[in-house]
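Visitor: coords please:
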Amino acid sequence: MIPVDLRKTAFLFLPALLSIFPLLAPGETTAHDWPRFRGENGSGISDDATVPLEWSDSTNLKWKLDLPGPGSSSPIIADGRIYVTAYTGYGETPGQSDDPAETRDPLKLVRHLLCVDLESGKLLWTASEPAARAEDIYQEFLPEHGYASSTPATDGERIYCFYGKNGVYAYDLEGKRIWSAPTGTLSSTMTWGSASSVVLTDDAVIVNAGDEARALLAFEKSSGQEIWRMAHPMLEQTYNTPVLQVLGHDRTDLIVAFRDEIRGLDPASGAMRWFSKSPVGGNLSGSPLALSENRIALFSGFPRTLGTVFRGGGEGDRSGEALLWESTRAKSYMPVPVEHKGLLYWVSEDGIASCAKPDTGEVVYRERLDVASKDGKGMALYASPIIVNGHLLAVTRNAGTFVIAAKPVFELLRINRLESDTSRFQGSPAVSDGHLILRSEKALYGIAR
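Guide: Numbers count the residues shown, from 1 in each chain. Down below sits the predicted model:
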């Protein structure tokens, strides 16, 4: 986009060219990019027909890059560069607490943002941030995901990372830190750490700091100055990522889900436009998803896991009308569904592949996949599925990636495994220019023909 101070001049002298050549400044994201968790606005959709749907250690594996440490965040892509986070120094034994207890020191934690060339897999730079504040102790549920669980986001000019109690960080395209801002130092009663990913608007960096501050926070992109905050005690134990819902050319709502309620906010001010009571309570790990026809899917909740769909828009208290349906069959605790040709598709954390109608919640099919973890413990899936060229890709932790036809009849096409990597695959894949990018707790993989 042309800088603000040059717009009038450009439009005076180049009116005809604007209709022929789109304006795209260096670094601005394009439709081919994957700029945040599950791509553009979290939709999880790519129509790239050149991405291979079959891979292994010897087939369509273009490159592999060893990571400095584990992580559960997802890779993002912009302008031929991949950005992904990892951590070292503390809590580096995935799935189990460090031992002995007296040697644990959370202040030894270091988080890393890596920039990788999409075509070659070459590491271009790393920006590292030693801990200034102690995160929750690496025990109980924290070993399930670790300390690099929040996916960064980019606007093509900067990369923005959320590092829990250590705050939000902004970097330029060469890895130089531009600013950092505090997000709070509270913990939930569960002390499970952070997982919400970064959301960007035209002017703001937005994070769900539910555990750290019991608030949704917005920061100015250029300076890191806090613009607004929406505080609520029920944001505790909400690990999901907000989503933008476009309701018209003059209105976009920021949808935030927390325990027992869902809200539509003004992204510029944080002011509440509408709200509704929600049957989804307990821990909220699944993020809301903006659907067609102004609908919003929210799959999560614990111990009572539900699938729900709301109608967005409107004003004020919409508790009697916003909820379209709830279901204990069409559900998922952590993986977020994806909408494709009028249907919802997902694979739940326990490995059940499902398809449902978003208007009624009617289940079209439910099929259990063979996704048992190697130790028989824990969730089978952490990552959320995506759709690539009409195929649902569901990345499991230990059993490979399941490729399922995105149609109303269940059809498992293949299971792709990278047998040489026995670590867990926790992040959702990213897609750009014929490449599928996978991350495990050990390595980053470029899948391409």
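
Visitor: What about the closest residue to residue 85 other than its chain neighbours, how many residues nearby?
Guide: Of all residues not flanking residue 85 in the chain, residue 148 sits nearest, at 4.3 Å (Cβ to Cβ, 6 or more residues apart in numbering). Any C-beta I mention is one placed from the backbone N, CA and C, and that applies to glycine too. Residue 148: 29 surrounding residues under other Cβ atoms under 10 Å.

Visitor: Helix, strand or coil: sort out residue 148 for me.
Guide: At residue 148, secondary structure determined by DSSP: H, G, I helix; E, B strand; the rest coil is coil.

Visitor: does it really touch residue 75, like I thought?
Guide: No - counting by Cβ atoms under 8 Å, residue 148 stays clear of residue 75, with 11.6 Å between them.

Visitor: Report the contact partners of the spatially closest residue to residue 283 that is not a sequence neighbour.
Guide: If the residues on either side of it in the chain are set aside, residue 283 comes closest to residue 302, at 4.3 Å by Cβ to Cβ, 6+ apart. Residue 302 makes contacts with 282, 283, 285, 333, as judged by Cβ atoms under 8 Å, 6 or more residues apart in numbering.

Visitor: which stretches of the stretch 201-350 of the chain form helices?
Guide: 210-213 (DSSP state H, counting those that start in this stretch).

Visitor: low pLDDT regions in it?
Guide: Along the stretch 201-350 of the chain, no part satisfies pLDDT under 70.

Visitor: neighbours around the closest residue to residue 159 other than its chain neighbours, how many?
Guide: Leaving aside its sequence neighbours, residue 159 sits nearest to residue 171 (Cβ to Cβ, 6+ apart; 4.8 Å). Here the number of neighbours of residue 171 (other Cβ under 10 Å) works out to 23.

Visitor: By neighbour count, which of the contacts of residue 302 wins?
Guide: residue 285 (25 neighbours).

Visitor: Residue 252 contacts residue 264, correct?
Guide: No - using Cβ under 8 Å, residue 252 is not in contact with residue 264; the gap is 9.6 Å.

Visitor: Could you check how far residue 447 is from residue 54?
Guide: Applying Cβ to Cβ, to the nearest Å, the value for residue 447 to residue 54 is 9 Å.

Visitor: go on, residue 162?
Guide: Residue 162 sits at a distance of 34 Å from residue 54 (criterion: Cβ to Cβ).

Visitor: Looking at those two, which is more packed in?
Guide: residue 162 (30 against 12).

Visitor: show me the contacts for the more buried one.
Guide: 150, 152, 168, 183, 194, 196, 197, 198, 207, 209.

Visitor: run the last query once more with 6 Å
Guide: Contacts here follow Cβ atoms under 6 Å, 6 or more residues apart in numbering; on that basis residue 162 touches 150, 168, 198, 207.

Visitor: Go through the residues you listed and say which is closest to residue 389.
Guide: For the contacts of residue 162, the minimum distance to residue 389 (Cβ to Cβ) is 27.1 Å, reached by residue 198.

Visitor: check contacts around that closest one.
Guide: Contacts of residue 198 by Cβ under 6 Å, 6+ apart are 152, 153, 160, 162, 207.

Visitor: Counting neighbours, what do you get for residue 304?
Guide: Counted with other Cβ under 10 Å, residues neighbouring residue 304 total 11.

Visitor: where do the strands sit along the stretch 251-400 of the chain?
Guide: Counting by DSSP state E, counting those that start in this stretch, the stretch 251-400 of the chain has strands at residues 251-258, 261-265, 272-277, 289-290, 295-300, 306-311, 316-317, 323-327, 338-340, 343-347, 352-356, 363-368, 386-388, 391-395.

Visitor: Tell me which strands the last one pairs with, and in which orientation.
Guide: Next to strand 391-395 in the sheet, as set by DSSP bridges, lie strand 386-388 (antiparallel), strand 401-405 (antiparallel).

Visitor: ranking those by burial, who's on top?
Guide: strand 386-388 (a mean of 23; mean count of other Cβ atoms under 10 Å).

Visitor: who touches that one?
Guide: Contact partners of strand 386-388, identified using Cβ under 6 Å, 6+ apart, comprise 44, 45, 46, 51, 338, 340, 393, 406, 429, 431.

Visitor: Which of those residues sits closest to residue 382?
Guide: Residue 382 lies nearest to residue 429 out of the contacts of strand 386-388, by Cβ to Cβ, at 12.5 Å.

Visitor: My read is that that closest one contacts residue 440, right?
Guide: No - with contacts counted by Cβ atoms under 6 Å, residue 429 stays clear of residue 440, the gap being 11.3 Å.

Visitor: So for these two, which sits in the more crowded spot?
Guide: residue 429 (29 against 22).

Visitor: Can you tell me how far that one is from residue 293?
Guide: Computed as Cβ to Cβ, the residue 429 to residue 293 distance reads 27 Å.

Visitor: Quick check: closest non-adjacent residue to residue 326.
Guide: Once flanking residues are discounted, residue 326 sits nearest to residue 308: 4.6 Å by Cβ to Cβ, 6+ apart.

Visitor: isn't the one you found right up against residue 327?
Guide: No - between residue 308 and residue 327 there is no contact under Cβ under 6 Å: 7.6 Å.

Visitor: what's the distance between the residue nearest to residue 283 and residue 159?
Guide: Between residue 302 and residue 159 the distance, using Cβ to Cβ, works out to 32 Å.

Visitor: And residue 268, by the same measure?
Guide: Residue 268 is 22 Å from residue 159, by Cβ to Cβ.

Visitor: Pick out whichever of those two has more residues nearby.
Guide: Set side by side, residue 268 and residue 159 show more neighbours around residue 159, with 26 against 15, by other Cβ under 10 Å.

Visitor: and the contacts of strand 386-388, which of them are in helices?
Guide: Applying DSSP state H to the contacts of strand 386-388, no entry is found in helices.

Visitor: can you redo those residues as JSON lines with distance to residue 32?
Guide: Below are these laid out as JSON lines (distance: Cβ to Cβ, whole Å):
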{"residue": "44", "distance to residue 32": "16"}
{"residue": "45", "distance to residue 32": "13"}
{"residue": "46", "distance to residue 32": "9"}
{"residue": "51", "distance to residue 32": "12"}
{"residue": "338", "distance to residue 32": "19"}
{"residue": "340", "distance to residue 32": "19"}
{"residue": "393", "distance to residue 32": "18"}
{"residue": "406", "distance to residue 32": "21"}
{"residue": "429", "distance to residue 32": "15"}
{"residue": "431", "distance to residue 32": "9"}
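
Visitor: Show only the entries of the residues you listed found in strands.
Guide: Among the contacts of strand 386-388, the residues falling in strands (DSSP state E) are 45, 46, 338, 340, 393, 431.

Visitor: Looking at these, which one is closest to residue 178?
Guide: Of those, the one sitting nearest to residue 178 (Cβ to Cβ) turns out to be residue 431, at 27.6 Å.
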